[in-house]
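Trainee: what's the 3D shape of this:
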Amino acid sequence: MSPMAIGWIVFALVFGSAVLAMLVHGVLPEHHLSADSKDVVKLGIALIATMSALVLSLLIASAKSSFDTRSNQLVQASADFMMLDRALARYGPETKDARSLLQRSLTAAIQRFRPADSNRPPAPDPGASPVEALYDTIEALSPQSETPRSLQSQALTMAVDLGHTRLLLFEHLGSSIPFPFLVVLVFWLCIIFASFGLFAPRNGTVIAVLFVCALSVSGAIFLILELDRSFEGLLQVSSAPLRAALAQLGR
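Mentor: Residues are numbered from 1 along each chain as shown. Reported below is the predicted structural model:
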């Protein structure tokens with residue numbers, strides 16, 4: 001389910017809880033709406049609101065951390081591609097096939113993380129990468145002196161780093177937000193908004209304020225999920241470093 005759909009579901013649940021509580025207000029016995037009852041409800045809601053704020057801040061921090069991690073990994077991979085290409089170029093013309101394979105590997109990586117069909121989510125296949133073949137191609141080189149031998153060793157290390165970064169990106173394609181956290185948070189928000197509606201006067205101003213508050217809360221959930229799914233949706237990790245690296249390869 002997309003973050004947008006989840007956001008609207010959260011909005012419907014939260015705002016619906018407030019509206020339902022406003023309807024329940026009219027049928028409750030008078031002693032349930034006494035000042036003492038209100039004080040107890042306020043204390044309980046204050047506790048739930050505090051826990052909700054903590055969980056919400058934790059989810060925001062987790063989603064932002066995941067987004068930054070993926071962005072940094074793409075930047076690191078781009079630098080590794082360029083450094084590996086430079087090392088192969090310094091080795092000599094014998095690395096022509098390896099450099100061509102490196103370029104195809106980067107092109108494939110861009111296509112997987114940024115599919116031509118914008119409606120299709122990124123679906124990289126760990127078994128389809130030419131990184132392993134690139135490693136074998138570099139290892140098959142036969143350096144005849146110390147300098148090419150050193151460059152070959154550096155290139156092999158960089159190829160291993162590329163494979164490592166790529167596997168980390170595959171591991172991070174899924175969601176890092178624990179679903180139970182999200183469910184519990186929405187449940188708490190529904191309780192909080194129900195308490196608002198239970199004791200609030202029924203007029204247009206109150207309904208408008210509750211509407212805006214519910215929209216804001218669901219918007220926060222939407223942004224959390226968008227940051228967490230950083231290779232698709234509205235908030236995506238930029239592929240500019242990979243494209244800049246591709247433009248530099250082969251020069």
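Trainee: Report how many residues lie close to residue 38.
Mentor: By the measure other CB atoms under 10 Å, the count of residues near residue 38 is 14. Using the backbone N, CA and C atoms, a C-beta is placed for each residue, glycine as well.
Trainee: I'd like the next helix or strand past the helix or strand residue 111 falls within.
Mentor: Here residue 111, judged by DSSP states H and E, is contained in helix 96-113. Next along the chain after helix 96-113, taking DSSP H and E as the criterion, comes helix 131-139.
Trainee: What are the buried residues along stretch 35-53?
Mentor: 41, 45, 52 (16 or more other CB atoms under 10 Å).
Trainee: if we look at it, which residues are touching it?
Mentor: 31, 185, 188-189, 191-192, 195, 198-199 (CB atoms under 8 Å, 6 or more residues apart in numbering).
Trainee: Show me which of these are buried.
Mentor: Burial by neighbour count, 16+ other CB under 10 Å: within those this picks out 185, 188-189, 191-192, 195, 198.
Trainee: now the residues you listed as a markdown table including secondary structure, pLDDT and distance to residue 57?
Mentor: What follows is the buried ones among the contacts of stretch 35-53, written out as a markdown table (DSSP: H, G, I helix; E, B strand; the rest coil; pLDDT from 0 to 100; distance: CB to CB, whole Å):
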| residue | secondary structure | pLDDT | distance to residue 57 |
| --- | --- | --- | --- |
| 185 | helix | 91 | 11 |
| 188 | helix | 93 | 13 |
| 189 | helix | 93 | 14 |
| 191 | helix | 93 | 18 |
| 192 | helix | 92 | 16 |
| 195 | helix | 89 | 21 |
| 198 | helix | 84 | 26 |
